[in-house]
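Chemist: here is a sequence together with a model predicted from it:
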Amino acid sequence: MIRERHLLGPGPSNPYPEATRALAQPLLGHLDPEFLRIMDETCEMLRTVWGTQNARTLPLSATGSAGMEAAFVNTVHPGDVVVVAVNGLFGQRMTDVAARCGAEVVAVEHEWGQPVDVDRVLSAHPSPTVIAAVHAETSTGVRSDVAALGAGKGDALLLTDAVTSIGGIELRADDWGIDIGYAGTQKCLGVAPGLAPFTIGDRAFERRVEKPRSWYLDLGMLGGYVGEAGVKDGGKAQRTYHHTAPTAMVASLHAGLTRILAEGLDAVWARHQAAGDALQAGLQDLGLELFVAEGSRLPELTTVRVPEGVDSAAVRTALLERHGIEIGAGAGPYASSVWRIGLMGRNARPDMVLLVLAALEDVLGR
Ligand code: PLP
C-alpha cells in the first residue's frame, strides 16, 4: 500500500481529498438534522456499493472485525453448525469468532493462496445454519466465488466478508445470495479505518438470535440508531438513542462514497482491474513471481513471492524510507516470504503502478 500518511494526510499528494476534507469540517452533533441527513444518505449509498436493497444496511461504529463479530453474534445460536471456508487469516478469524458464539464450527481448510473450493464447502455438512467465506482474502490476495456459494447454499445463511472487495471489485450482495455482509472503510472505499459497512437481509434478520451476547452489536437494537422508519421503508428516520454516532467518520465515509458513485461503480471496478493487471504484469517483467494463480488474483491486493536470498523486511524499509511507499509483509506462514502490494481506492491508478514498479526496481537493483 502506498504509505498511509500519503493516503490520508493533507497536501497535494493526498489521493483522498474528499474524505480528508470531511474529517476537517466543524463537528456536527449526532442528533443534528444535518448529520441525520448525512447518515441517511450514507446508508443509501452503502446499499448501492453492496448491491443490495436491504433496509438494514448501515455503517457500524467499529472496525471490520466488529462487523465480523456482529455478523456471527446475531445469527449463530449455541450449537448451530457453521461451515467456514478457511483460505487465509480472515477465514481463520471467522472460525474463532463463530466458536465463541457457541457454534459447532466445520472449518474447510485450504492451502493459503488458493481460492475457496465451492464444492468442498457446500458438501462439508448436510444442513449448516451458516456458510461463511471471505470474498477477498487480504492475507493472500485471493478472490473467491461468493456467487457460487450463494447459488448452492440451500437453506443456510451466507455470511460474507467484503472488507477488501467493497468498492474495488464486483460485489452484488442480493444477486449473489449474501444474507449477511460486513466490510471496512479503510480499503477500496478510501476512507480512514473505523467503520464497518454492514448489511443484513430479512431472511437472516428473522432468524437472528433474540438476545445476542453482545449488547453493543445487537442488531435488534440498532434500528433506532439509523431510524426505525428508515429501516422499515427507507423513509425519514426517527432516531432513538443507542450510542453516539462517530459523526466525523460517517461524514468522511459519506464523502468517500459520493466520490465513488460520481465516478460510477463499474468505472471504479474497471480502474482497479486495470491497475492490478498493469502492476502484476510489471512485477513479472521484473522477474518476480506472483503468489496467486491467474484467475484468482485480486487486482487491489497483489501478493508476490520474495526472491531467494532477498531480505523481505529490508526491502520494505527501503521502500518506505527512500520512496515513501509502504508495502505489506506476508501474513501467517508467509510472513517473510511474500509481499502484499495494495492499489486501493484512488491509488488504483497508472501513475501509482509506475511509482511502485520504479521503486521496487531501484531497491531490488533490477
Ligand atoms: N477481514 C478482512 C478481509 C480484512 O482484510 C480485515 C482487515 O484488514 C478484517 C477483516 C478486519 O478489519 P479491521 O482490521 O478493520 O478490524
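Modeler: That came through, no problem.
Chemist: phi, psi for the closest residue to Asp117 other than its chain neighbours please.
Modeler: Using C-beta to C-beta, 6 or more residues apart in numbering and skipping the chain neighbours, the partner closest in space to Asp117 is His110 (6.3 Å). To be clear about C-beta, it is placed using only N, CA and C from the backbone, and glycine gets the same treatment. Dihedral pair for His110: phi -130, psi 160, per degrees, to the nearest 10.
Chemist: next: Val130.
Modeler: Residue torsions, per degrees, to the nearest 10, at Val130 are phi -130, psi 140.
Chemist: hang on, it packs against Leu157?
Modeler: Yes - with contact defined as C-beta atoms under 8 Å, Val130 counts as touching Leu157 (4.9 Å).
Chemist: identify the residues contacting the closest residue to the ligand within the stretch 1-150 of the chain.
Modeler: Closest contact between the stretch 1-150 of the chain and the ligand, by C-beta to the nearest ligand atom, is at Gly64 (2.6 Å). Contacts of Gly64 were listed using C-beta atoms under 8 Å, 6 or more residues apart in numbering, and they are Asp161, Val163, Tyr182, Ala183, Gly184, Gln186, Pro193, Ala196.
Chemist: most neighbours out of those residues, which is it?
Modeler: The most crowded member of those, judged by other C-beta atoms under 10 Å, is Ala183 (31 neighbours).
Chemist: now it: how far from Val191?
Modeler: The spacing between Ala183 and Val191, counted by C-beta to C-beta, to the nearest Å, is 11 Å.
Chemist: how about Glu308?
Modeler: Counting by C-beta to C-beta - Glu308 and Val191 are separated by 39 Å.
Chemist: so between those two, which is more surrounded?
Modeler: Using other C-beta under 10 Å as the criterion, Glu308 and Val191 rank with Val191 on top: 33 against 6.
Chemist: surely the more buried one touches Ala19?
Modeler: Yes - taking contacts as C-beta under 8 Å, Val191 lies within contact range of Ala19: 4.7 Å.
Chemist: which residues do those two both contact?
Modeler: Ser252, Leu253, Ala255, Gly256.
Chemist: just the element for the first one, please.
Modeler: With elements delineated by DSSP states H and E, Ser252 resides in helix 247-263, which encompasses its position.
Chemist: which SSE is immediately downstream of that helix?
Modeler: Using DSSP H and E, the first helix or strand after helix 247-263 is helix 265-285.
Chemist: ok, and what's touching the helix or strand that that following helix is followed by?
Modeler: Helices and strands here follow DSSP H and E; after helix 265-285, the next one along the chain is strand 301-305. With contact meaning C-beta under 8 Å, 6+ apart, strand 301-305 is reached by 113, 136, 138, 140-141, 164, 276, 279-280, 283, 288-292, 330, 334, 337-344.
Chemist: among those residues, which ones are buried?
Modeler: In terms of neighbour count (16 or more other C-beta atoms under 10 Å), the buried residues within these are 113, 136, 138, 140-141, 164, 276, 279-280, 283, 288, 290-292, 330, 334, 338-344.
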